[in-house]
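Colleague: My questions concern the predicted model and sequence given below.
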Amino acid sequence: MCVSMAPARFSGTTLYIGRRDHPAHGLIHVLGYQNSAANLADGPNAMLLHLPSARPMTPDNFISVGRSETILSRMVDALRPVAPAAPGSMDWMGGAPRGAAVRVFDHDVYTVLLAEDATLIPAALSRVPHRK
């Protein structure tokens, strides 16, 4: 779920979460997120999307799919139902100890602040262009 820093309207949210045994990288976790956002504020605004256990994500984890408005719905259509995992068999993502860095980078039309600790975001906002 996302929230905004100032008034905004979000609609058409689609979320995809999956796991895949990748031939080169082993078990990978995939998150697809898409929505339409309308800024209702008088000035710049920000959408915040919480990614739990975002360790050890980097800008390389953000993959552009271009301007395809149907990629997630096509992925959903292609899925076959699978049985749920047995209780206690979920392989939760682990990770290295938390760092203190906030990565700031552009991804498509967005400027992304990737932080393991949300309390570090206010100090990193000076690295976002003022117009955004």
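Modeller: Yes, it's here. Numbering: from 1, shown residues only.
Colleague: And the strands in the chain?
Modeller: Applying DSSP state E to the chain gives strands spanning 2-4, 8-22, 26-39, 47-49, 102-107, 110-115.
Colleague: which stretch among these comes nearest Asp77?
Modeller: When those are compared by Cβ to Cβ, strand 8-22 sits nearest Asp77, at 11.4 Å. Every C-beta, even on glycine, is put in place using the N, C-alpha and C of the backbone.
Colleague: In the longest helix seen in the chain, which of the residues would be classed as buried?
Modeller: In the chain, with assignment by DSSP state H, the single longest helix is helix 71-78. Within helix 71-78, the residues that count as buried by 16 or more other Cβ atoms under 10 Å are Leu72.
Colleague: quick one, it and strand 26-39 angle?
Modeller: 130 degrees (axes from the mean of the first three to the mean of the last three Cα atoms, to 10 degrees).
Colleague: what's the domain layout of the protein?
Modeller: Split into domains by the TED database, the chain comes to 1-43, 100-131.
Colleague: just so I know, which of the ones you listed lies nearest Ser68?
Modeller: Between these, domain 1-43 lies closest to Ser68; by Cβ to Cβ that is 9.2 Å.
Colleague: what's in contact with the worst-scoring helix or strand of the chain on mean pLDDT?
Modeller: The least trusted helix or strand in the chain, going by mean pLDDT, DSSP states H and E, turns out to be helix 71-78, with a mean of 77. Contact with helix 71-78 is made by 14-16, 32, 34, 65, as judged by Cβ atoms under 8 Å, 6 or more residues apart in numbering.
Colleague: Try it again at 7 Å.
Modeller: Contacts to helix 71-78, defined as Cβ atoms under 7 Å, 6 or more residues apart in numbering, come from residues 14, 16, 32, 34, 65.
Colleague: hang on, isn't the first one packed against Gln34?
Modeller: Yes. Using Cβ atoms under 7 Å as the test, Thr14 is close enough to Gln34 to be in contact (4.9 Å).
Colleague: Closest to Leu114 out of the contacts of helix 71-78?
Modeller: Gly32 (16.7 Å).
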